[in-house]
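Peer 1: pasting a predicted model and its sequence here:
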Amino acid sequence: MDAHETDGDGVGAAPSVARLLLELRAQVTIDVRSAGKTVQVRPQGVNAVAVYIHPGGVDLAVEPDRANEAALAIPGAYIKDPDDPNCFITVDAYLIDQNYDALLAGAVQAVELRAVDPPAKAPKAAKAVKARATTTRSAAKAPPKARPVPRPEPAICPVCRQYQLLASGECPSGYC
């Protein structure tokens with residue numbers, strides 16, 4: 001297996017990524033969690049993710065105000081979603097070795113940023129949580145469902161006693 005390939009159940013063991021995690025851990029206190037093929041780096045005791053390490057590269061949390069400045073500081077980096085209040089810049093995997101020092105500095109800043117200022121929830125997520133909460137409350141207080149009213153038996157022709165009468169009241173046979 002090549003050092004940059006991924007094993008069957010997780011993130012590849014690229015030496016530069018392993019070195020990044022070790023040096024980041026030496027500079028700031030972090031919690032590292034694995035989620036599928038992604039490693040999430042968070043400040044210790046905080047639930048906000050500061051750095052995502054995935055097979056495609058590394059995502060660093062930045063303040064939305066200085067996202068352009070941070071992306072320009074690392075050659076080849078780009079802003080993942082400029083409209084998202086939880087802003088990240090991305091460095092592709094093939095650029096990690098070339099920009100290692102700037103990437104490490106950016107990762108330290110991302111951890112410090114998330115430790116002090118966790119991101120605001122996205123408006124969509126807040127609306128979804130609120131809608132879910134009101135739905136749950138209204139479902140709990142809903143009165144029991146009423147039983148459906150049974151349909152009346154359709155009228156049968158009084159002459160032949162064989163066919164149901166039409167809406168006009170006539171027998172569909174035409175002979176009655």
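Peer 2: Nice, I can see it. Just so it is clear, the structure is predicted and the values come from calculations on it, not from any experiment.
Peer 1: what about the helices in the chain?
Peer 2: 15-27, 67-73, 100-116, 123-141 (DSSP state H).
Peer 1: orientation of the third one relative to helix 15-27 in degrees?
Peer 2: In this case it means helix 100-116. Orientation check (axes from the mean of the first three to the mean of the last three CA atoms, to 10 degrees): helix 100-116 against helix 15-27 gives 50 degrees.
Peer 1: packing partners for helix 100-116?
Peer 2: helix 15-27, strand 38-43, strand 51-54, strand 57-61, helix 67-73 (3 or more CB pairs under 8 Å, 6 or more residues apart in numbering; DSSP states H and E). Where C-beta positions appear, they are placed from N, C-alpha and C, glycine not excepted.
Peer 1: is it true that residue 60 touches residue 89?
Peer 2: Yes - Residue 60 is within contact range of residue 89, at 5.3 Å (criterion: CB atoms under 8 Å).
Peer 1: what touches both of the two?
Peer 2: Contact criterion CB atoms under 8 Å, 6 or more residues apart in numbering; residues shared by residue 60 and residue 89: 70, 106.
Peer 1: show me which of these two is the more surrounded one.
Peer 2: Of the pair residue 60 and residue 89, residue 60 is the one with more neighbours under other CB atoms under 10 Å, namely 27 against 22.
Peer 1: nearest residue to residue 157 other than its sequence neighbours?
Peer 2: residue 171 (4.0 Å; CB to CB, 6 or more residues apart in numbering).
Peer 1: swap in residue 99?
Peer 2: residue 74 (5.0 Å).
Peer 1: and the one you found, its phi and psi?
Peer 2: Per-residue torsions, residue 74: phi -110, psi 110 (degrees, to the nearest 10).
Peer 1: count the neighbours of it for me.
Peer 2: Residues lying near residue 74 (other CB under 10 Å) number 21.
Peer 1: can you check the one 3 residues further on too?
Peer 2: The burial count assigned to residue 77 is 25, neighbours taken as other CB under 10 Å.
Peer 1: check contacts around residue 50.
Peer 2: Residue 50 is in contact with 30, 41-43, 60-61, 107, 110-111, 113-115, counting by CB under 8 Å, 6+ apart.
Peer 1: wait, which of those residues is closest to residue 20?
Peer 2: Checking those against residue 20 by CB to CB gives residue 107 as the nearest, at 6.7 Å.
Peer 1: who touches that closest one in this structure?
Peer 2: If you count contacts by CB under 8 Å, 6+ apart, residue 107 has them with 20, 24, 41, 50-51, 58, 60.
Peer 1: likewise for residue 160?
Peer 2: The contact partners of residue 160, by CB under 8 Å, 6+ apart, come to 171, 173, 175-176.
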